[in-house]
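S.K.: just a sequence and a predicted model for now, questions to come.
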Protein chains: 2
Amino acid sequence: MPALSYELIQRDAASNARLGRVTTPHGAFDTPAFMPVGTQATVKGLLPEQVADTGAQVLLGNTYHLMLRPGSALVAQMGGLHRFMRWNQPILTDSGGFQVFSLGDINRIDDDGVRFKSHLDGSTIELTPERSVQVQHELGADIIMAFDDCPPAAQLSEHQRQRAKQFGSNVSASSAKPQAAAGSNAGSGGFDAAAYAERERVANERTLRWLERCVTYHRGSGRDATQALFGIVQGGTDLDQRVACVEAVCQHDLPGYAIGGVAVGEPPEEIYRVVQHTAPLLPADRPRYLMGVGYPADLVAAARAGVDMFDCVLPARNGRNATAFVPDGAIRLKNAKFRDDPAPIEAGCDCVACVGSPSGGGGFSRAYLRHLFLAGEMLGPILVSLHNQRVYQRLMLDIRAAIRDDAWLALAERWPCVSGVLTA
Amino acid sequence: MPALSYELIQRDAASNARLGRVTTPHGAFDTPAFMPVGTQATVKGLLPEQVADTGAQVLLGNTYHLMLRPGSALVAQMGGLHRFMRWNQPILTDSGGFQVFSLGDINRIDDDGVRFKSHLDGSTIELTPERSVQVQHELGADIIMAFDDCPPAAQLSEHQRQRAKQFGSNVSASSAKPQAAAGSNAGSGGFDAAAYAERERVANERTLRWLERCVTYHRGSGRDATQALFGIVQGGTDLDQRVACVEAVCQHDLPGYAIGGVAVGEPPEEIYRVVQHTAPLLPADRPRYLMGVGYPADLVAAARAGVDMFDCVLPARNGRNATAFVPDGAIRLKNAKFRDDPAPIEAGCDCVACVGSPSGGGGFSRAYLRHLFLAGEMLGPILVSLHNQRVYQRLMLDIRAAIRDDAWLALAERWPCVSGVLTA
């Protein structure tokens, strides 16, 4: 029996969206699915039970962070990531590639792999396709990702800056530390388009060679009975490159495929253009995962393009920054206008922050949440993270309902923040 | 009907300990009771429901912190502290006195009151007996405390330093910022005993004059039907002073009485000597509250002296510092020896950290908790706070069982850390 199976339950009448179900050794999850990010073996500030109560059925863990601390060998010794962090449902780990390129201090990158300095203690670490898969074997996630070459976005687009401002996030949705493309001779303010394109081309080709090595190592280990390796389609914003990458990646018969290199600085229209072109090219009988995306509107647009799985740090990061997602956008709870606002974050939301406990007699007021953030109390980030994670899961429930009932208009009415991608 | 009633259920056969029940407008709590501290309208890191699940039936809120931020008028506007923080069980607020003297930058102190600079923004604030009671009226706690003059402990005793070291707390149990006695001409390293004694004498007399004003203001407000004002017995370590203070304070017919000025730097034997002498002098038909105490052994010794109510920041503060209370003392979870320890903090503990969620299949390992603290993840303080708060409530359950069943030997066996005060 393979490690993973995908059941395509229903195709949408109006788009490429699909309703499905992915089954893993640690249970199943409904798709389209949103995976909260548990970078360091914890979804920040939340107990596993609280995460499950938001409706999340699958989590993402970060290989880069976990290999540095506490180390994948220790996690393996403690019974694997599920047992270590007490999450008994499915887990996906990324390959570490994205973080090596965005957080690591890279000494050398070539066809063999990447040598970098740990952002924690400066020690030199080598990550190769084989080592990435081996680390993910030790972590023991149900879904593991091929190691890819991820040139960081050259710069934040003006559009993304606006968007981050609107939603209260200090940095880009997916990258904590955007850098100039490696090998580029552009200054910190400039942008060398030709060098960037060349770096992209090298990355795409290298990613394919590395995929080959990941597949070989994974199959040779015998772990493919319990862990499903997904391939990653790179190709930047060049649709021809994307098509070529899809063809090359799909020559490997893998249990799932991901679209990478998206939402690394480009405006949403570019994301949608790439995803709408790429997702339908992927095999219909395998789950499709769009990495690191994104805002609610992005999820709706990508789900309609046929994407099944998502992850993003936004609900947690914005929660810590006192920015709460609401159906028509976001509110910043530190704002003075909430000083004496007795209303919960969102009337009608069924999260712990908005409803309170069964015995507590109602949700927490915006005034109280503002107080917690101004006072630097942990409960502020906890409550807004609980809310934001539940908002994302409510959105996924509504997306699945829209596919099942062809009810996209109801979705747009309920979520004004996504209506733009539905009426466009 | 008075705001508070105390039912003395059973006297201990072997000591002055009492089993009782205090009933307030927000429900009842069993005594001896431990009150978790919710300084800024939140028990740090925990949802109110989680606090209730540890077994806590009554919380303490800090008047000083809440009057500065968010302000008692705002809390009143939001329906009072219970509603603001979503805690529907009893709340006690202190008078602000202790924090003014330990945190505030005092400009002037005289018989009228205290003028000090806020530690938050440096603004000048005046606190008088009337204003303290008025602020506590606005907060709306079930039990409010008379405003007292609290000269800070002159210095940390060597014993207390050892104890803090043993239990992993950086500072004294009750005072965040011990200072030289105001008016003392001692240098930072020295200690002027005569000046300190004089400051104590002035404080004791002033506290009595201020109590008179608190009682008059409180009764005049008509709030004594819904909020119970407790008087505070000061007197330092001089037993004659304590006796005189008890007599003077108890001339006011109040629904409860507190012992203040204890555990401000003196060794435990001094605490016990003062409490054992003072507590039995207080009226048997009113609850007795020992302020800011303490370690598990202190609670047992004081309960046996006849004390009914306790509060202390230790379970929360040590939880944040990765120090977990266990029956024979404490363990420091950052210690390297826990690196790969699969055991929970305490085998047999029924807290969320040790048992996990109903669906989670077991408690969180010491190895995992260590990882969370090293990684700076919020979930570490959350889990160890949940454990420590539950440990204190388990201890109170066992103290109450020991009184009910005359089973102090069983208590000593179950809690080696308190056996010293039982066999002495």
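M.R.: That came through fine. Numbering: from 1, shown residues only, chains lettered A, B, ... in the order given.
S.K.: residue A:334: what secondary structure?
M.R.: coil (DSSP: H, G, I helix; E, B strand; the rest coil).
S.K.: just checking, it touches residue A:374?
M.R.: Yes - under the criterion of Cβ atoms under 8 Å, residue A:334 makes contact with residue A:374 at 6.8 Å. Bear in mind the C-beta positions are built from the backbone N, C-alpha and C, glycine included.
S.K.: run through the bridge partners of the spatially closest residue to residue A:38 that is not a sequence neighbour.
M.R.: Nearest non-adjacent residue to residue A:38, counting by Cβ to Cβ, 6 or more residues apart in numbering or on different chains: residue A:59, 4.8 Å away. Residues in a beta bridge with residue A:59, per DSSP bridges, are residue A:91.
S.K.: separation between residue A:59 and residue A:257?
M.R.: Residue A:59 sits 20 Å away from residue A:257, taking Cβ to Cβ, to the nearest Å as the criterion.
S.K.: quick one, which of these two is more surrounded?
M.R.: residue A:59 (27 against 23; other Cβ atoms under 10 Å in any protein chain shown).
S.K.: just list the residues touching the more buried one, thanks.
M.R.: A:35, A:36, A:37, A:38, A:43, A:51, A:87, A:89, A:90, A:91, A:92 (Cβ atoms under 8 Å, 6 or more residues apart in numbering or on different chains).
S.K.: give me the number of neighbouring residues for the nearest residue to residue A:140 once chain neighbours are set aside.
M.R.: Using Cβ to Cβ, 6+ apart and skipping the chain neighbours, the partner closest in space to residue A:140 is residue A:80 (3.3 Å). Using other Cβ under 10 Å, residue A:80 has 17 other residues around it.
S.K.: equivalent analysis for residue A:334, please.
M.R.: Residue A:334 has 15 nearby residues by other Cβ under 10 Å.
S.K.: please apply the same query to the one 5 residues further on.
M.R.: As a burial measure, residue A:339 scores 15 neighbours (other Cβ under 10 Å).
S.K.: can you list contacts of the helix or strand hosting residue A:274?
M.R.: Taking DSSP states H and E as the criterion, residue A:274 maps to helix A:268-278. Helix A:268-278 is touched from outside by A:16, A:159, A:163, A:233, A:235, A:237, A:239, A:242-243, A:246, A:259, A:262-263, A:290, A:293-295, A:297-298, A:301-302, A:305, A:307, A:421, with contacts defined as Cβ under 8 Å, 6+ apart.
S.K.: in PyMOL, select just the buried ones from those.
M.R.: Buried members of those, defined by 16 or more other Cβ atoms under 10 Å in any protein chain shown, are picked up in PyMOL with:
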select buried, chain A and resi 16+163+233+235+242+246+259+262+263+290+293+294+295+297+298+301+302+305+307+421
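S.K.: quick one: which of the contacts of helix A:268-278 sit in strands?
M.R.: Counted as lying in strands by DSSP state E, out of these, are A:233, A:259, A:290.
S.K.: of all these, which comes closest to chain B?
M.R.: residue A:290 (26.7 Å; Cβ to the nearest Cβ).
S.K.: check contacts around residue A:353.
M.R.: A:344, A:345, A:363, A:364, A:369, A:383, A:384, A:386, A:387.
S.K.: filter those by proximity to chain B?
M.R.: With Cβ under 8 Å from any Cβ of the partner chain as the criterion, those include A:364, A:383 near chain B.
S.K.: now the contacts of residue A:353 in CSV, with neighbour count, pLDDT and secondary structure?
M.R.: Compiled in CSV, the contacts of residue A:353 are given as follows (neighbours: other Cβ atoms under 10 Å in any protein chain shown; pLDDT from 0 to 100; DSSP: H, G, I helix; E, B strand; the rest coil):
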residue, neighbour count, pLDDT, secondary structure
A:344, 23, 97, coil
A:345, 25, 98, coil
A:363, 25, 95, coil
A:364, 27, 98, coil
A:369, 28, 98, helix
A:383, 29, 98, helix
A:384, 30, 98, helix
A:386, 24, 98, helix
A:387, 29, 98, helix
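S.K.: can you add distance to residue B:253 and give the contacts of residue A:353 back as a markdown table?
M.R.: Putting the contacts of residue A:353 into a markdown table (distance: Cβ to Cβ, whole Å) gives the following:
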| residue | distance to residue B:253 |
| --- | --- |
| A:344 | 43 |
| A:345 | 47 |
| A:363 | 41 |
| A:364 | 39 |
| A:369 | 42 |
| A:383 | 43 |
| A:384 | 47 |
| A:386 | 47 |
| A:387 | 48 |
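S.K.: of the contacts of residue A:353, closest to chain B?
M.R.: So of the contacts of residue A:353, ranked by how close each gets to chain B (Cβ to the nearest Cβ), first place is residue A:364, at 6.0 Å.
S.K.: my read: that closest one touches residue B:87, true?
M.R.: No - between residue A:364 and residue B:87 there is no contact under Cβ under 8 Å: 11.2 Å.
S.K.: how close does the residue positioned nearest the centre of chain A get to chain B?
M.R.: Taking Cα atoms, centre = their mean, the centroid of chain A lies closest to residue A:311, which sits 2.3 Å from it. Residue A:311 is 18 Å from chain B, where distance means Cβ to the nearest Cβ, to the nearest Å.
S.K.: then residue A:94?
M.R.: 17 Å.
S.K.: so who does the closest residue to that residue other than its chain neighbours touch?
M.R.: By the measure of Cβ to Cβ, 6+ apart, the closest residue to residue A:94 outside its immediate chain neighbours is residue A:145, 5.0 Å from it. Contacts for residue A:145 (Cβ under 8 Å, 6+ apart) come out as A:63, A:92, A:93, A:94, A:95, A:136, A:229, A:230, A:232, A:258.
S.K.: so what's the third one scoring on pLDDT?
M.R.: This means residue A:93. On pLDDT, residue A:93 comes in at 98.
S.K.: how far away is it from residue B:235?
M.R.: Residue A:93 is 62 Å from residue B:235, by Cβ to Cβ.
S.K.: please apply the same query to the first one.
M.R.: Computed with Cβ to Cβ, the distance linking residue A:63 and residue B:235 is 62 Å.
S.K.: helix, strand or coil for residue A:358?
M.R.: Residue A:358 - assigned by three-state DSSP - is coil.
S.K.: also residue A:28?
M.R.: strand.
S.K.: these two touch, right, residue A:319 and residue A:385?
M.R.: Yes - between residue A:319 and residue A:385 a contact is recorded at 3.3 Å, counting by Cβ under 8 Å.
S.K.: overlap in contacts of these two?
M.R.: residue A:45.
S.K.: point me to the residue of the stretch 301-424 of chain A nearest chain B.
M.R.: Taking Cβ to the nearest Cβ, the stretch 301-424 of chain A has residue A:357 as its residue nearest chain B, at 3.5 Å.
S.K.: are we agreed that residue A:230 is in a strand?
M.R.: Yes - if the criterion is three-state DSSP, then residue A:230 is within a strand.
S.K.: and it, bridged to which residues?
M.R.: residue A:145, residue A:256.
S.K.: what about it, how many residues close to it?
M.R.: Neighbours of residue A:230 (other Cβ under 10 Å): 25.
S.K.: residue A:348 now?
M.R.: Residue A:348 - counted by other Cβ under 10 Å - has 10 other residues nearby.
S.K.: again, but for residue A:75
M.R.: For residue A:75, using other Cβ under 10 Å, the count is 26.
S.K.: that one in helix, strand or coil?
M.R.: Strictly by three-state DSSP, residue A:75 counts as helix.
S.K.: any idea which of the contacts of residue A:59 is closest to residue B:11?
M.R.: residue A:51 (48.3 Å; Cβ to Cβ).
S.K.: picking that back up, the residue of the stretch 301-424 of chain A closest to chain B against residue B:49, yeah?
M.R.: Yes - shown here, residue A:357 and residue B:49 form a contact pair, counting by Cβ under 8 Å, at 3.5 Å.
S.K.: what residue ranges in chain A score low on pLDDT?
M.R.: Residues of chain A meeting the criterion pLDDT under 70: A:1, A:152-191, A:359-361, A:424.
S.K.: got the domain boundaries for it?
M.R.: Domain segmentation of chain A under automatic domain parsing yields A:5-312, A:323-423.
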